[in-house]
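Q: sequence-free structure coming up:
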């Protein structure tokens, strides 16, 4: 530390450069611009009126709309989109956990070599662009595609099940996209788990299920929570998947925001929606931070005291 | 419980499938352990003692042979269906649970009622004198305290048999001695069969009702600590437990009883060979403290020259060289007060009861 401290100011600034650029140039300044825009009146043909005074209009608009007489009345459309997105993200998180935990558990039972291979296989989808992966699902799930034909062949009495352009398709797409974010953190905590504790649980009469619930799961909780966060946050703002696989039929908050900056030409509303979403994600992150602090405390309370 | 023994291990063989060329970890092991017995599996690391323990617990499947618990065959039962609990070498306490929750775990798994669990936990805490630390997490406890919790946790569900896998090996010497006394007390109070694994021969001698000495997957000898120490049947057992000297040589018919003539020098040492050993390849073994050092002028004794003198408090150890330049160790109690010197010649008297004849 002392060697860095003794550097001349210029060199220290240079060292801070990359971090500073990332934080300022790529995160803080764009956010500030968006925040600024959200307090300006919209311009009818796109963009905003940069000369106008600040106003709360776009934030009021999130929950209210003006009727003919200029009175505000509640408008649940945007809130509903947000709730739908929250439900969708929550469901995706649960599904990712339901599929991801067993996979991570199974991976720990493999040999060192096979484990590394599995980690590689799990990350392979990331080598392909998200858009392309969603188009792949479009082909798999499309009407008269092989999967739809197989399903309808199995259940002919259902009268033609469609797999694409509904919530099911969006769920499939989101779970598929974010599953690795659930598997990898859980796997990395399971890998460090002391399996002798599991033996001790069996020894004391715990069946496999009870050993899982009472010993493995509580000790893997930090990984599960991290995974849940990594899945929940991006699926809350997911935009491509609902647009492509949902067919744009149901409004998600991500698509809503995109519309405001696009066809609706209401940048301020897009900005305020973005900040609302950001607030919810921050809340999730704060809850996670509080949880991990509590977990760390309860595990190592007073060590060395 | 009508069955006469608590645990019967019959012809158990354990091979590791990945490499059939390896010698088996357990090579046709049989042992019967009585109710309420403190039974110790003693041997160097890699002798198969822990494998045998894990096979009894249910963590290892056996390649062949049978294991019975109170007369009931338990080979195919998973660990959670065996009325056997283990104190692990690493203690394996659940880090996310308090001391009381750790002890309650096995009771809850048994489906014990909401009132019965805290009552039993309290009893167990009292048994290991840990009442005041019931709400601590394992990470906040010392090694000795963790050890007590592990013991209480394993005893709480009232197992038929308690297995202890080198439970004291992580403790320092003083604490280990304390815990040895504690273990013995708990075993007598709880009235449970203990199967104890250790590589510490002194610990085994102090604690056990019976000891099985193991080597390379075989049980070499089973007996009381006295049997094992006084009458080892194999060179391995004799060497592993306590100090011992070996003299090569051969048996001869004496005047009125058979005598042993060491290769080192032509003296006749009268001793009675045990039945059933091959007298053509025999050796004489004796413990350093069982020989007597006598006046070198006396005839018919083994002669030796002192090379090293080691004072050990209650006694002095002499490392001596025999005429054929092989070495032996002798021990003399210090009550006489007269230490001998390096280079001094001594005669060694071996009373017949000190002489152990065994196959070379």
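A: Structure received. Computed from a predicted model, the values in this text were never measured in an experiment.

Q: Once you drop chain neighbours, what's closest to residue 191?
A: You didn't say which chain, so I picked chain A. residue A:108 (5.8 Å; Cβ to Cβ, 6 or more residues apart in numbering or on different chains). (Glycine included, C-beta is placed from N, CA and C.)

Q: actually chain B
A: residue B:36 (5.5 Å).

Q: sorry, back to before: which residues does the residue nearest to residue A:191 contact?
A: A:115, A:187, A:190, A:191, A:193 (Cβ atoms under 8 Å, 6 or more residues apart in numbering or on different chains).

Q: any chance you could read off phi and psi for residue 198?
A: Picked chain A for this. phi -70, psi -40 (degrees, to the nearest 10).

Q: Please refer instead to chain B.
A: The phi/psi pair for residue B:198 (degrees, to the nearest 10) is phi -150, psi 160.

Q: which residues touch it?
A: Applying Cβ under 8 Å, 6+ apart, the residues contacting residue B:198 are B:40, B:41, B:42, B:166, B:168, B:169, B:204.

Q: Least confident of those residues?
A: Lowest in pLDDT among the contacts of residue B:198 is residue B:169, which has 84.

Q: wait, doesn't it sit right on residue B:89?
A: Yes: between residue B:169 and residue B:89 a contact is recorded at 6.4 Å, counting by Cβ atoms under 8 Å.

Q: Looking at these two, which one has more neighbours?
A: residue B:89 (17 against 14; other Cβ atoms under 10 Å in any protein chain shown).

Q: neighbours of residue B:109, just the number please.
A: For residue B:109, using other Cβ under 10 Å, the count is 20.

Q: and chain B, which of its residues are near chain A?
A: B:57-59, B:78-80, B:84-86, B:88, B:90, B:92-96, B:105-106, B:109-110, B:137, B:139-140, B:153-154, B:157 (Cβ under 8 Å from any Cβ of the partner chain).

Q: Take the residues you listed and keep only those in helices.
A: Among the residues of chain B next to chain A, DSSP state H puts B:57, B:105, B:106, B:109, B:153, B:154 in helices.

Q: What about the residues you listed, which one has the most neighbours?
A: Highest neighbour count within those, by other Cβ under 10 Å: residue B:153, with 31 neighbours.

Q: Drop anything exposed from the residues of chain B next to chain A.
A: Listed as buried from the residues of chain B next to chain A are B:57-59, B:79-80, B:84-86, B:88, B:90, B:92-96, B:105-106, B:109-110, B:137, B:140, B:153-154, B:157; burial here means 16 or more other Cβ atoms under 10 Å in any protein chain shown.

Q: Hmm, residue B:20 and residue B:63 touching each other?
A: No: Residue B:63 is beyond contact range of residue B:20, at 10.2 Å (criterion: Cβ under 8 Å).

Q: re earlier: what is the most widely separated pair among the ones in helices among the residues of chain B next to chain A?
A: Greatest spacing in these, by Cβ to Cβ: B:57 and B:105 (16.3 Å).

Q: Report the contact partners of residue B:333.
A: Counting by Cβ under 8 Å, 6+ apart, residue B:333 touches B:289, B:314, B:315.

Q: no, scratch that, I was asking about residue A:230
A: A:178, A:181, A:182, A:185 are the contacts of residue A:230 under Cβ under 8 Å, 6+ apart.

Q: buried sites along stretch A:205-225?
A: A:205-206, A:210-212, A:214-216, A:219-220, A:222-225.

Q: tell me the mean pLDDT for it?
A: Stretch A:205-225 shows a mean pLDDT of 91.

Q: where do the strands sit along the stretch 151-300 of chain B?
A: B:161-165, B:193-198, B:210-215, B:218-223, B:245-252, B:259-262, B:269-270, B:282-286, B:292-294 (DSSP state E, counting those that start in this stretch).

Q: want to throw those strands into TSV with mean pLDDT?
A: Below are those laid out as TSV (pLDDT from 0 to 100):
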stretch	mean pLDDT
strand B:161-165	93
strand B:193-198	94
strand B:210-215	93
strand B:218-223	92
strand B:245-252	86
strand B:259-262	84
strand B:269-270	82
strand B:282-286	88
strand B:292-294	82
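
Q: Just send the ones you listed back as JSON lines, with distance to residue B:148 too.
A: Output for the strands of the stretch 151-300 of chain B, formatted as JSON lines (distance: least, Cβ to Cβ, whole Å):
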{"stretch": "strand B:161-165", "distance to residue B:148": "13"}
{"stretch": "strand B:193-198", "distance to residue B:148": "15"}
{"stretch": "strand B:210-215", "distance to residue B:148": "25"}
{"stretch": "strand B:218-223", "distance to residue B:148": "30"}
{"stretch": "strand B:245-252", "distance to residue B:148": "41"}
{"stretch": "strand B:259-262", "distance to residue B:148": "50"}
{"stretch": "strand B:269-270", "distance to residue B:148": "50"}
{"stretch": "strand B:282-286", "distance to residue B:148": "40"}
{"stretch": "strand B:292-294", "distance to residue B:148": "45"}
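
Q: Could you give the backbone dihedrals for residue B:304?
A: Dihedral angles for residue B:304 - degrees, to the nearest 10 - are phi -150, psi 160.

Q: biggest helix in chain A, by residue count?
A: When chain A is scanned for its longest helix (criterion: DSSP H), the result is helix A:267-300.

Q: which secondary structure elements does that helix contact?
A: Helices and strands touching helix A:267-300, by 3 or more Cβ pairs under 8 Å, 6 or more residues apart in numbering or on different chains; DSSP states H and E, are helix A:29-38, helix A:57-61, helix A:77-108, helix A:217-236, helix A:253-261.

Q: Could you point out which of those helices sits nearest residue B:193?
A: helix A:217-236 (31.7 Å).

Q: Give me the buried positions along stretch B:99-119.
A: Counting neighbours by 16+ other Cβ under 10 Å, stretch B:99-119 gives B:99-110, B:112, B:117 as buried.

Q: Over to stretch A:108-119?
A: A:108, A:118.

Q: average pLDDT for that stretch?
A: Here stretch A:108-119 scores 91 as its mean pLDDT.

Q: quick one on the thing from earlier: of the contacts of residue A:230, which ones also sit close to chain B?
A: Okay, of the contacts of residue A:230, nothing touches chain B (Cβ under 8 Å from any Cβ).

Q: Which residue does the stretch 1-150 of chain A have closest to chain B?
A: Of all residues in the stretch 1-150 of chain A, residue A:111 sits closest to chain B, at 11.0 Å by Cβ to the nearest Cβ.

Q: how close does residue B:96 get to residue B:88?
A: Going from residue B:96 to residue B:88 by Cβ to Cβ, to the nearest Å gives 17 Å.

Q: Over to residue B:106?
A: Applying Cβ to Cβ to residue B:106 and residue B:88 gives a distance of 13 Å.

Q: anything in contact with each of those two?
A: Contact criterion Cβ under 8 Å, 6+ apart; residues shared by residue B:106 and residue B:88: none found.
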